[in-house]
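K.L.:
coordinates only, sequence not included:
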């Protein structure tokens, strides 16, 4: 049975969730990073980057990565996230990268895993600027209550970065090996494409903070 300081972190390999894993581990929490594989176009590289980032952390209480399978091709069909075609570029609004039901799907299977393993807290790296309906506190509180009713197991969904911008989170996590994280939704030859919506968001955060971005981009 997990201890009272145990927490599962839904880790994608991007800046926000990677920093969240590192921070919680440095605070002495028993952190289990969970990666949910949906079958999206960028996931092979994303998962590899996540493993490399976790390996870079100083010896801590971070548990082995748990990978759960939750394929979505049967419901997403020809969506750009599955096909890798017509990916939102750097000029696209944030709404263009919305994945329908993303957090609902992201939380569903891990919540059952946590209930079976005695973990009562799941953390996400959701930021203040997230505009989507499944990313506010009302949704997370409702989901927690639903899990409690469905599984008879207490669950708290926490979002420690909900009041922060990406720039603020990046600043708080600059001690970690952020060059090992992946923010890209259209990687090329094992590197960030440098052209997509997420690459632009990443580049802007580094620029605003005024620190060196050592990320390898396929195009500048």
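P.N.:
Great, that's in hand. These numbers were taken from a predicted model, which means no experiment stands behind them.
K.L.:
In the protein, what residue spans correspond to helices?
P.N.:
Ranges of helices within the chain are 15-26, 43-56, 73-76, 80-83, 102-116, 137-151, 166-172, 197-209, based on DSSP state H.
K.L.:
tell me how far the first one is from the chain's mean position?
P.N.:
Same thing as helix 15-26. 10 Å (C-alpha atoms, centre = their mean, to the nearest Å).
K.L.:
and if you look at the last one?
P.N.:
Helix 197-209 has its average C-alpha position 16 Å from the chain's average C-alpha position, going by C-alpha atoms, centre = their mean.
K.L.:
And it, what does it pack against?
P.N.:
helix 166-172 (3 or more C-beta pairs under 8 Å, 6 or more residues apart in numbering; DSSP states H and E). Where C-beta positions appear, they are placed from N, C-alpha and C, glycine not excepted.
K.L.:
Could you list the low-confidence segments of the protein?
P.N.:
Low-confidence segments of the chain, defined by pLDDT under 70: 1-3, 220.
K.L.:
what residue of it is the furthest out?
P.N.:
In terms of distance from the mean C-alpha position of the chain, residue 152 ranks first, at 26.6 Å (C-alpha atoms, centre = their mean).
K.L.:
Longest strand in this protein, by number of residues?
P.N.:
Counting residues, the longest strand found in the chain (DSSP state E) is strand 30-37.
K.L.:
Using neighbour counts, pick out the buried residues of that one.
P.N.:
30-36 (16 or more other C-beta atoms under 10 Å).
K.L.:
could you list every residue that touches the residue farthest from the centre of the chain?
P.N.:
Residue 152 makes contact with no residue, according to C-beta atoms under 8 Å, 6 or more residues apart in numbering.
K.L.:
ok, the residue lying closest to residue 16 once chain neighbours are set aside - contacts?
P.N.:
Counting by C-beta to C-beta, 6 or more residues apart in numbering, residue 125 is the residue found nearest to residue 16 once chain neighbours are left out, at 3.4 Å. Residues counted as contacts of residue 125 (C-beta under 8 Å, 6+ apart) are 9-10, 12, 14, 16-17, 19-20, 159-161, 169.
K.L.:
what's the answer for residue 163, then?
P.N.:
Residue 163 sits next to residue 128 when contact means C-beta under 8 Å, 6+ apart.
K.L.:
Could you measure from it over to residue 213?
P.N.:
To residue 213, residue 163 is 24 Å away according to C-beta to C-beta, to the nearest Å.
K.L.:
try residue 201
P.N.:
12 Å.
K.L.:
Closest to residue 138 out of the contacts of residue 125?
P.N.:
residue 159 (12.0 Å; C-beta to C-beta).
K.L.:
circling back to that earlier point, as TSV, the buried residues of strand 30-37 with distance to residue 143 would be great.
P.N.:
Below are the buried residues of strand 30-37 laid out as TSV (distance: C-beta to C-beta, whole Å):
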residue	distance to residue 143
30	22
31	20
32	19
33	20
34	15
35	19
36	15
